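>>> predicted model and sequence follow; I will ask about them next.
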Amino acid sequence: MEKIKFDFNNMFSHSIGKSHGVTDADIKGIQKRVNTAHKHLKTIFSNSQDRINLGLEWVKLPFQSKETIETIQNLGDEISSSCGSVISLGIGGSYLGIKAAQEALSPAYYNEFKSLRNGRPRIYFDGNNLDPDTLSVLLKNLNPRETFVVVISKSGETTETKAAFAVVEAWLRRGVGPTYGRQIVAITDPSSGMLRKRVDQEQSKDPLSFRSLDVLKGVGGRFSELNIGLLHLAMAGIKIQEVLDGAASMAKCCGESNLRKNPAYMYAALQTIMYKKKGKPIAIIMPFSERLKYTADWYVQLLAESLGKKYSRKIIRKDGYEAWIADRSKVVNVGRTPISARGTNDLHSIQQNNIEGENDKTVTFIKVERFKDDITVSGTGDILDGRPYSKLLAIAQEATEWALVRETRPNCTITIPEISPYYWGAILFFFEIATAFEGELLGVNAFDQPGVEGYKNYMYYKLGRGGIPEAISDNIKNNPLIKKNKYILR
């Protein structure tokens, strides 16, 4: 197999100068922290209970058993052969990775053309917003008797997905009748939560109703694509094992502490130096591929939710195992701000700011060397004539690099030989390891998301949900939004 390449020339001072570029002294200066972080992660990775307790079990996902993969692949094939459409309900990590997989690994316009699907169903996504326009249109135009539903929620309580599932379930019940539950699969916690309870209730009445797959213990949503996303791969006709093989190859590649031999560690170290020493808090991720647009969106969630933290992490021992808590005596408010873009489309928008706006960004390109169905331009009679699209895209990416370097703007390039299940799996795991390692270098917990709970608690309070802790209720009640009419134009 060809290797993925990581070119970081344009992050260094020899390309963009000492003011904005990393130096060898910077690398030497961070090496001690790199060694400490590597040792810490390696210790956690080697202890199954610590991995589960801390939310790092995702590192084992590339190495799932053949029996597990075969079971999921067979279920996906069964669903595909029995329906014309699938509605996938989920939000955050239960949506973005799955959507990214479909856009990257299925043909473009997969849902639009029957010839592209090879007998597989159309796959639609909802439950990731509370906009009624999308779900209502979907249900008005699908036949419930020909539609399968996959609902993905660890607890079953996430508002967006819970609301969508209630609506879709009622639609199925009306259109299919008493056996509608046989057209539902739930991917949820194996032993607890509202959705698991519902699955157990329905299966006690009919074993073929509300079949389920597990969200594995210790696998957080944004790191869960190689767990909760496997059924989707199977339904779309993508070989699960090829994706996992790519991730496993990257896991092996990223097992050393030596920055020069570990691309994910080098990526994290460079970004940390840029952020903390060079004043680059904004992270642009720009694949030069339309099919990788949603992969960039997936990375935005991964980085923002993992590293955007208010408090430093404090490590303690609890019941003989390592535990992480927020150190409320150390307010840090850290985390780079990720922005997704794509070439060449966004060269006509965000690139203007990248070049001439504040020099507070790093740009990460994802470059594809080969495309499955290339097109050659003909009939223009000018410099475009006879040029393959792939060549034009490569020149555009190189030109974008050059323009950034000329303005001392740091950037780096990850090059994959082609967009395939193997290389896509490798790219996902690269970013997961890099993000985990960046969390170690920043000293924060990259596997929780306390900031997300604020809006959830406010919604639960306004909707009258019981069981909200008194301190949270009092905080909301005593700190209402202030809306003065003089600050509202009508």
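That came through fine.

>>> contacts and neighbour counts: CA atoms only from here.
Fine.

>>> so for stretch 411-431, mean pLDDT?
Mean per-residue pLDDT for stretch 411-431: 98.

>>> got the end-to-end distance for it?
One end of stretch 411-431 to the other measures 16 Å (Cα to Cα, to the nearest Å).

>>> all helices in the stretch 1-150 of the chain, in order from the N-terminus.
13-16, 24-45, 48-54, 66-82, 96-105, 114-117, 132-141 (DSSP state H, counting those that start in this stretch).

>>> JSON lines for those helices, including distance to residue 229?
JSON lines is the format used below for those (distance: least, Cα to Cα, whole Å):
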{"stretch": "helix 13-16", "distance to residue 229": "40"}
{"stretch": "helix 24-45", "distance to residue 229": "22"}
{"stretch": "helix 48-54", "distance to residue 229": "19"}
{"stretch": "helix 66-82", "distance to residue 229": "10"}
{"stretch": "helix 96-105", "distance to residue 229": "5"}
{"stretch": "helix 114-117", "distance to residue 229": "18"}
{"stretch": "helix 132-141", "distance to residue 229": "21"}
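
>>> just the ones you listed: most buried one?
helix 96-105 (a mean of 23; mean count of other Cα atoms under 10 Å).

>>> which strands and helices sit next to that helix?
helix 230-235, helix 293-307 (3 or more Cα pairs under 8 Å, 6 or more residues apart in numbering; DSSP states H and E).

>>> contacts for it next, please.
125, 222, 225, 229, 232-233, 236, 238, 291-295, 297-298, 419-421, 424 (Cα atoms under 8 Å, 6 or more residues apart in numbering).

>>> and the angle for it with helix 293-307?
Relative orientation of helix 96-105 versus helix 293-307 (axes from the mean of the first three to the mean of the last three Cα atoms, to 10 degrees): 150 degrees.

>>> where does the prediction get shaky in the stretch 351-490 of the chain?
Applying pLDDT under 70 to the stretch 351-490 of the chain flags no residue at all.

>>> can you list the domain ranges for the chain.
Domains of the chain are assigned by automatic domain parsing as 5-54+241-442, 57-239, 454-487.

>>> rank the ones you listed by mean pLDDT and give me the bottom one.
Across the domains of the chain, domain 454-487 gives the lowest mean pLDDT, at a mean of 86.

>>> who's in contact with residue 423?
Taking Cα under 8 Å, 6+ apart as the test, what residue 423 contacts is 4, 243, 246, 247, 416, 417.

>>> as a quick check, tell me the outermost residue of the protein.
residue 381 (43.1 Å; Cα atoms, centre = their mean).

>>> of the helices and strands packed on helix 96-105, flag the one that's most buried.
Buried most deeply of these, by mean count of other Cα under 10 Å, is helix 230-235, with a mean of 24.

>>> downstream of that one, the next helix or strand is which one?
helix 240-253 (DSSP states H and E).

>>> show me what whichever helix or strand comes after that next one is in contact with.
Under the assignment DSSP H and E, the closest C-terminal helix or strand after helix 240-253 is helix 263-277. Residues from elsewhere that reach helix 263-277 (Cα under 8 Å, 6+ apart): 6, 11, 20-22, 26-27, 30, 34, 253-254, 257, 259-260, 280-281, 336, 362, 430-431, 433-435, 437-438, 441-442.

>>> and the angle for helix 263-277 with helix 24-45?
Going by the same axes, to 10 degrees, helix 263-277 makes 120 degrees with helix 24-45.

>>> between the contacts of residue 423, which has the most around it?
Among the contacts of residue 423, residue 247 has the most neighbours (other Cα atoms under 10 Å), with 27 neighbours.

>>> how about the contacts made by it?
62, 422, 423, 425, 426, 427, 428, 429, 430.

>>> try it again with 6 Å
Applying Cα atoms under 6 Å, 6 or more residues apart in numbering to residue 247 gives the contacts 62, 425, 426, 429.

>>> pick out the most distant pair among those.
Greatest spatial distance in these: 62 and 426, 9.7 Å, computed using Cα to Cα.

>>> ok, the two, which is more surrounded?
residue 426 (26 against 22).

>>> the more buried one falls within a helix, correct?
Yes - checked against DSSP: H, G, I helix; E, B strand; the rest coil, residue 426 lies within a helix.

>>> enumerate every residue touching it.
Going by Cα under 6 Å, 6+ apart, the list of residues near residue 426 reads 246, 247, 250.

>>> closest to residue 211 among those residues?
When these are compared for distance to residue 211 (Cα to Cα), residue 247 comes out closest, at 27.6 Å.

>>> just the terminal-to-terminal distance for stretch 184-204.
By Cα to Cα, one end of stretch 184-204 lies 15 Å from the other end.

>>> in it, what counts as buried?
184-190, 195-196, 199-200, 202-203 (16 or more other Cα atoms under 10 Å).

>>> want to throw the domains of the chain into TSV with distance to residue 448?
Formatted as TSV, those follow (distance: least, Cα to Cα, whole Å):
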stretch	distance to residue 448
domain 5-54+241-442	7
domain 57-239	8
domain 454-487	13
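
>>> name the nearest residue to residue 142, sequence neighbours excluded.
Once flanking residues are discounted, residue 142 sits nearest to residue 85: 7.7 Å by Cα to Cα, 6 or more residues apart in numbering.

>>> closest to residue 470 out of the helices and strands packed on helix 96-105?
Short answer: helix 293-307, nearest of these by Cα to Cα, at 26.3 Å.

>>> give the next helix or strand downstream of that closest one.
Assigned by DSSP H and E, the successor of helix 293-307 is strand 309-318.

>>> now what about that following strand, what contacts it?
Contacts of strand 309-318 (Cα under 6 Å, 6+ apart): 322-328, 330-334, 443-445.

>>> which one of those residues is nearest residue 387?
Closest to residue 387, out of all of the contacts of strand 309-318 and judged by Cα to Cα, is residue 334, at 45.3 Å.

>>> report the beta-bridge partners for that closest one.
residue 309 (DSSP bridges).

>>> any idea how far it lies from residue 402?
With distances taken as Cα to Cα, residue 334 is found 30 Å from residue 402.

>>> quick one: which of the two has more around it?
Neighbour totals were compared for residue 334 and residue 402, and residue 334 leads with 19 against 16 (other Cα under 10 Å).

>>> residues in contact with the residue nearest to residue 142?
With Cα under 6 Å, 6+ apart, residue 85 has these contacts: 121, 122, 123, 147.

>>> just checking, which of these belong to strands?
122, 123, 147 (DSSP state E).

>>> ranking by neighbours, what's the top pick from these?
Going by other Cα under 10 Å, residue 147 tops these with 22 neighbours.

>>> what sits against that residue?
So residue 147 contacts 83, 85, 86 (Cα under 6 Å, 6+ apart).

>>> kindly report the same for residue 12.
21, 22, 23 are the contacts of residue 12 under Cα under 6 Å, 6+ apart.

>>> please pick the buried ones from those.
Looks like the contacts of residue 12 have 21, 22, 23 buried, using 16+ other Cα under 10 Å.
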